[in-house]
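Asker: Structure for this input, please:
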Amino acid sequence: MKYRHVPYGAGVWPAFWMTATNANWPEGGEFDMLEFANDQPSVATFHTKGTCIMDAQLLQQCVPPEYFWYDKISTECDTDYHKNKLGCKPPQKRHNGMKFNQYPGTLVAEWNEHTIKLWHFPQGQEPSDLASDQPRPGTWDLDKILAWMPLDASKCGGKTMAD
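Answerer: Take a look at the predicted model:
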């Protein structure tokens, strides 16, 4: 998603997310890439139905210290609001609307059977291969990652999350 302005302030709730078109929510998965209310920082989350977890040990080993660590990291992606199951919420860089507007640019997501990654590239700093038919996320600047969710297909219903 390329953007020039993100609304923020009292009474707004901007959101940019993706979900499966072939399954009801949350069975098909939902990835919230940008979502915040009022002046709160954005929170990247992943929702699904059933057993699916992030690898907490890998998160502890690989997430840089400048990422915002919640009091309780939610590694369980199962979502049922009636049972207070809110989906995966990894440690992440948290920007509010003001920060996104100071550095307009592009939000990019990679979602496959092993990982969900979210990057923010300020305008003019996007990878040159991003607009090509064969982008190479493995070569992109790790400092631009906002959130990373390492998934294990064997712990996500035995299928890939991209299915």
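Asker: Can you list the strands that the one helix or strand V108 maps to pairs with?
Answerer: In this structure, V108 sits in strand 105-111 according to DSSP states H and E. Strand 105-111 sits in its sheet next to strand 2-3 (antiparallel), strand 115-122 (antiparallel), going by DSSP bridges.
Asker: what's it in contact with?
Answerer: With C-beta atoms under 8 Å, 6 or more residues apart in numbering as the test, strand 105-111 has contacts from 1-3, 16, 18, 31, 33-34, 116-126, 130, 137, 140, 146, 161-162. For glycine as for every other residue, the C-beta is placed from the backbone atoms N, C-alpha and C.
Asker: give me every residue that touches W140.
Answerer: W140 is in contact with V108, W119, P127, counting by C-beta under 8 Å, 6+ apart.
Asker: ok so, going back, which of the contacts of strand 105-111 are buried?
Answerer: Among the contacts of strand 105-111, the ones that count as buried by 16 or more other C-beta atoms under 10 Å are 31, 33-34, 116-121, 126, 137, 140, 146, 161.
Asker: quick one: least confident helix or strand in the protein?
Answerer: Across the helices and strands of the chain, mean pLDDT, DSSP states H and E gives its lowest value to helix 56-62, namely a mean of 78.
Asker: Alright, calling it a day.
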